[in-house]
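Trainee: 3D model of this:
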Amino acid sequence: MLGKGGQAFLDHRDRKSEVESIDRSIERLERQKARAKMNMDNALIRYQRQKSNANNNLAGATWEGSLAQEAEVMRKRYQAEIDGVNREIDHLRAERRQILQ
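Mentor: Numbers count the residues shown, from 1 in each chain. Take a look at the predicted model:
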């Protein structure tokens, strides 16, 4: 049977381990979010390059419209991924605060 001091030590150790695990998860998610933002930026740069290649005629205008729709779909997809990661990070941070109380 553990005394109060021994149990307090074990409780502290367990909380510390949980907090460290949460911190690692947050760091992983922050990297994931940064990659998603970079991918979104690169996709939008590619769109801008393709858009500049569209000729000033009906075929070019049609292609440009198609590119614009594709760019918007990509932007929404990446933004949804970023928003999901942000929600997960917020949840982990709330869990971390609760553990440290």
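Trainee: residues contacting the residue nearest to Leu100 when sequence neighbours are not counted?
Mentor: Counting by C-beta to C-beta, 6 or more residues apart in numbering, the nearest residue to Leu100 once its immediate chain neighbours are dropped is Val19, at 6.6 Å. Placement of C-beta: from N, CA and C, glycine included. Counting by C-beta atoms under 8 Å, 6 or more residues apart in numbering, Val19 touches 96, 99-100.
Trainee: tell me the one of those residues nearest Ser25?
Mentor: Closest approach to Ser25 among the contacts of Val19 (C-beta to C-beta): Arg96, at 9.6 Å.
Trainee: which helices and strands sit right next to whichever strand or helix holds the closest one?
Mentor: In this assignment (DSSP states H and E), Arg96 forms part of helix 58-100. In terms of contacts (3 or more C-beta pairs under 8 Å, 6 or more residues apart in numbering; DSSP states H and E), helix 58-100 is packed against helix 4-53.
Trainee: alright, calling it a day.
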